[in-house]
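Engineer: Build me a structure from this.
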Amino acid sequence: MKAAIYARYSSENQSEKSIDDQVRVCKNYCKEHEITVSDEYIYVDEALSGSLLNRPGLQTLDKAAENKEFEAVVVDDLSRLSRNNHQMLTLVLKFNYYQVKLISVSDGIISDDENSKLGIQMRGLINELYLDDLRKKTLRGLEGQKLRGFSAGEKVYGYYTKPVGELKLNRKGQAKYEGMVHKINPDEAEIVKKIFKEFAEGKSIHKIATNLNEEKIPTKRNMPGGWNVSTVARILKNEKYIGKWNWRKSKVVRDPMTGKRKKFTRPEKDIIPIYREDLIIIDKELWEKAQKRWQELKGTWPVSKKKQAFYQQKSYIHTSPNHLFSGLMKCNSCGGAIVLLSGKGGGYYGCYNSKRKTCNNSLLIPRKRIEEIIITELKEKILTADNLEYVYKNVEKLAAEGFNEVPELVKKKKAQYEKIQQEIQNYLNFIRAGNLSKAVSGALTDAEKRNEELKQEVESLEFQKENSFKAPPKEWINHRLENLRETLNKNTASSSLALKELLAPINLEPVLTKENDFYQLSSEDERNFKPYYVAHTKIQTLALLDEEHKGSNWLHWRRVEDLNLRSSYDDNGFRDRRIRPLCQLSKIYAVNFGSRTRFIG
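Structural biologist: Have a look, this model is predicted:
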């Protein structure tokens with residue numbers, strides 16, 4: 001009878017000699033029972049768990065059995081085939097269907113024996129229970145190490161592990177420390193802080209990863225591809241940087257067919273909270289800013305067509321703008337986005353749906369002209385020296401009211417500081433008298449720790465008292481406002497996000513005919529009529545001004561210089577597709593009609 005041999009050793013027992021021993025036992029059995037085994041029919045799987053079904057050696061064996069290349073399969077024991085009872089029974093049924101009998105040497109089981117059915121069932125159940133028991137013991141040991149303050153094998157960027165405790169020999173004769181503890185890696189911690197800071201300021205994850213690669217900063221595992229979007233994203237979502245080293249947050253389930261691992265979140269009641277103040281890298285304020293931006297980013301990532309999204313897909317430009325007004329303007333005709341289409345000298349904004357032939361609004365707007373005029377308006381009408389001076393003085397007033405409590409608090413902390421110093425002196429006198437004990441030593445250590453904390457609090461309060469907030473002079477504010485455009489362009493993404501909060505979406509309504517005009521045009525105006533836009537916007541800055549300061553409120557302005565959004569036509573009245581910017585025009589005037597502003601030349 002021709003037979004094949006299958007052998008496997010698992011990842012729990014990384015011993016290559018195990019394969020040789022299994023094959024040797026199977027060959028001896030075949031020799032004793034006059035079974036022929038050729039070397040080409042010896043199938044092995046190395047370092048693969050018995051819970052997996054998708055194993056190269058096992059799949060090849062299955063295919064050969066289906067082709068009837070042998071009459072029997074010999075294994076050292078049934079656990080070599082699988083430690084999952086369902087999988088193992090399925091394999092036995094498949095071999096029976098192929099008319100190939102299964103021989104387990106150590107178990108003394110032959111599948112074509114009528115009395116083997118119970119033995120196969122019992123051995124399969126025992127093998128599966130062994131795997132479950134091993135998993136539980138491993139998790140129990142790891143959990144114990146975590147609760148004792150040791151590492152459970154986590155490799156987190158920003159930290160390194162250090163061996164602690166007594167060095168002992170384990171059962172295998174290997175030298176092992178009591179455990180490993182995490183410590184902050186100063187160099188990596190600075191990179192983590194930089195990633196959080198840049199992300200909170202509005203820089204895209206892709207740009208952060210690109211900059212890290214350009215600076216040749218290595219990753220934790222020195223991956224050949226360097227930093228990528230997923231690596232940076234995992235850092236930005238990792239609660240360990242704020243001290244939360246919670247255990248049993250998730251569990252990993254392996255697909256029995258492919259071997260792929262998938263992570264699932266555990267119920268709240270199963271999570272073991274662990275807080276490590278000594279491992280905090282990111283302060284709470286910066287963490288909250290980063291998480292707030294994550295919420296804003298939600299919906300900007302590509303979603304698979306097969307996977308139903310629970311949120312509306314957004315454009316990536318919504319959270320990572322390239323220009324000051326990217327993603328801020330909407331077409332009033334169709335509700336679509338006004339995007340940068342094409343053109344020289346900075347390009348032209350236009351309706352994206354018009355480009356797709358689903359909207360009849362084909363007006364284009366020079367980007368540089370919009371930026372120049374809107375920034376000028378912000379500078380002259382909203383971000384004025386008077387308005388900012390008013391805000392600064394109110395902040396100074398509120399800060400002064402808060403600092404009124406500081407002198408009393410300093411006095412209270414100093415009294416506590418002097419009291420704890422006297423307590424420490426009493427402990428020292430007690431020890432000098434020869435009365436040393438563990439309780440006294442512990443109490444002295446606690447008192448010294450409280451003493452150091454109070455000392456730092458007193459120094460901090462005194463610093464606040466001497467360095468309270470003062471409003472800057474008006475000349476300093478004017479100097480800062482002079483180069484507002486340059487300041488905004490230094491960090492375009494952050495500036496654009498700030499302008500989006502200030503201006504809200506700007507709806508551009510195209511006015512293409514004279515019938516849409518608000519008031520009578522002269523004969524000269526009629527001859528020179530060109531299409532234009534009416535801008536609908538809502539500026540939310542009133543919270544900075546009280547009733548007394550309402551006199552300079554922009555809502556009361558009736559005559560302002562504003563946007564020239566007209567397209568160009570040639571002398572015959574046909575539209576010029578090149579859209580020349582009308583730099584030769586004189587001042588532009590606007591009249592406020594409630595929430596609508598009409599722009600005319």
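Engineer: who does the strand or helix carrying residue 451 touch, helix- and strand-wise?
Structural biologist: Here residue 451, judged by DSSP states H and E, is contained in helix 438-466. Packing partners of helix 438-466 (3 or more Cβ pairs under 8 Å, 6 or more residues apart in numbering; DSSP states H and E): helix 406-432. Placement of C-beta: from N, CA and C, glycine included.
Engineer: Compute the inter-axis angle for the helix it packs on and helix 438-466.
Structural biologist: 160 degrees (axes from the mean of the first three to the mean of the last three Cα atoms, to 10 degrees).
Engineer: and helix 406-432, which residues are buried?
Structural biologist: Neighbour counts over helix 406-432 (16 or more other Cβ atoms under 10 Å) mark 410, 413, 417, 420, 423-424, 427 as buried.
Engineer: Tell me which two of those sit farthest apart.
Structural biologist: By the measure Cβ to Cβ, 410 and 427 form the most distant pair in the buried residues of helix 406-432, at 26.1 Å.
Engineer: Which parts of the protein belong to which domain?
Structural biologist: Domain ranges of the chain: 2-135, 180-243+280-297, 329-382+485-600, 388-466, per automatic domain parsing.
Engineer: The stretch 251-400 of the chain: strands as residue ranges?
Structural biologist: 261-265, 329-331, 338-342, 348-351, 365-366 (DSSP state E, counting those that start in this stretch).
Engineer: Dump these to TSV, plus distance to residue 74.
Structural biologist: Formatted as TSV, these follow (distance: least, Cβ to Cβ, whole Å):
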stretch	distance to residue 74
strand 261-265	32
strand 329-331	73
strand 338-342	69
strand 348-351	74
strand 365-366	80
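Engineer: can I assume residue 370 is in contact with residue 325?
Structural biologist: Yes - contact criterion Cβ atoms under 8 Å: residue 370 and residue 325 qualify, at 6.2 Å.
Engineer: the more surrounded of these two?
Structural biologist: residue 370 (25 against 21; other Cβ atoms under 10 Å).
Engineer: What's the per-residue pLDDT of that one here?
Structural biologist: Here the pLDDT value assigned to residue 370 is 76.
Engineer: quick revisit: among the domains of the chain, which comes closest to residue 144?
Structural biologist: Nearest of these (Cβ to Cβ): domain 180-243+280-297, 13.8 Å.
Engineer: any idea how far that closest one is from the chain center?
Structural biologist: Centroid displacement of domain 180-243+280-297 relative to its chain, using Cα atoms, centre = their mean, to the nearest Å, is 8 Å.
Engineer: Buried deepest among the strands of the stretch 251-400 of the chain, which one?
Structural biologist: Compared across these, strand 348-351 shows the largest average neighbour count, a mean of 24 (mean count of other Cβ atoms under 10 Å).
Engineer: Which secondary structure elements does that strand sit against?
Structural biologist: Looks like strand 348-351 contacts strand 338-342, strand 365-366, helix 367-377 (3+ Cβ pairs under 8 Å, 6+ apart).
Engineer: rank the ones you listed by mean pLDDT and give me the bottom one.
Structural biologist: Note on the helices and strands packed on strand 348-351: lowest mean pLDDT is at helix 367-377, with a mean of 78.
Engineer: Off-centre distance for that one?
Structural biologist: 34 Å.
Engineer: Let's see that helix as PDB, backbone CA atoms only.
Structural biologist: Provided in PDB are the C-alpha atoms of helix 367-377 (Å, rounded to 0.1, in the frame of the first residue of the first chain):
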ATOM      1  CA  ARG A 367      -7.900  83.200  -7.800                       C
ATOM      2  CA  LYS A 368      -5.300  85.900  -7.000                       C
ATOM      3  CA  ARG A 369      -7.900  88.700  -7.300                       C
ATOM      4  CA  ILE A 370     -10.300  87.000  -4.900                       C
ATOM      5  CA  GLU A 371      -7.600  86.400  -2.300                       C
ATOM      6  CA  GLU A 372      -6.300  90.000  -2.600                       C
ATOM      7  CA  ILE A 373      -9.600  91.700  -2.300                       C
ATOM      8  CA  ILE A 374     -11.100  89.500   0.500                       C
ATOM      9  CA  ILE A 375      -7.900  89.700   2.600                       C
ATOM     10  CA  THR A 376      -8.000  93.500   2.100                       C
ATOM     11  CA  GLU A 377     -11.600  93.600   3.300                       C
END
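Engineer: Pretty sure residue 416 sits against residue 454.
Structural biologist: Yes - using Cβ under 8 Å, residue 416 makes contact with residue 454 at a distance of 5.6 Å.
Engineer: Just the CA trace of the host helix or strand of residue 22, in PDB.
Structural biologist: Counting by DSSP H and E, the element that carries residue 22 is helix 17-32. Provided in PDB are the C-alpha atoms of helix 17-32 (Å, rounded to 0.1, in the frame of the first residue of the first chain):
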ATOM      1  CA  LYS A  17      13.800  18.800  14.800                       C
ATOM      2  CA  SER A  18      10.100  18.200  15.600                       C
ATOM      3  CA  ILE A  19       9.500  17.600  11.800                       C
ATOM      4  CA  ASP A  20      12.300  15.000  11.600                       C
ATOM      5  CA  ASP A  21      11.100  13.200  14.700                       C
ATOM      6  CA  GLN A  22       7.500  13.000  13.400                       C
ATOM      7  CA  VAL A  23       8.700  11.700   9.900                       C
ATOM      8  CA  ARG A  24      10.900   9.100  11.600                       C
ATOM      9  CA  VAL A  25       8.100   7.800  13.800                       C
ATOM     10  CA  CYS A  26       5.800   7.600  10.700                       C
ATOM     11  CA  LYS A  27       8.400   5.800   8.600                       C
ATOM     12  CA  ASN A  28       9.000   3.200  11.300                       C
ATOM     13  CA  TYR A  29       5.300   2.500  11.500                       C
ATOM     14  CA  CYS A  30       5.100   2.100   7.700                       C
ATOM     15  CA  LYS A  31       8.100  -0.200   7.700                       C
ATOM     16  CA  GLU A  32       6.600  -2.400  10.400                       C
END
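Engineer: rewinding a little: ok, which of the strands of the stretch 251-400 of the chain comes nearest residue 167?
Structural biologist: strand 261-265 (33.8 Å).
Engineer: Could you pull up the mean pLDDT of that closest one?
Structural biologist: On average, strand 261-265 scores 82.
Engineer: Centre of the chain to that strand, how far?
Structural biologist: 17 Å.
Engineer: and that strand, what does it pack onto?
Structural biologist: strand 250-254.
Engineer: Strand partners (parallel or antiparallel) of the strand it packs on?
Structural biologist: strand 261-265 (antiparallel) (DSSP bridges).
Engineer: Among the domains of the chain, which comes closest to residue 164?
Structural biologist: domain 180-243+280-297 (5.3 Å).
Engineer: ends of that closest one, how far apart?
Structural biologist: 37 Å (Cα to Cα, to the nearest Å).
Engineer: ok, which stretches of the stretch 101-250 of the chain are strands?
Structural biologist: 101-104, 109-110, 159-164, 168-169, 175-176, 179-184, 250-254.
Engineer: Would you state the helices of the stretch 1-150 of the chain in chain order?
Structural biologist: In the stretch 1-150 of the chain, the helices defined using DSSP state H, counting those that start in this stretch lie at 17-32, 56-66, 85-97, 116-147.
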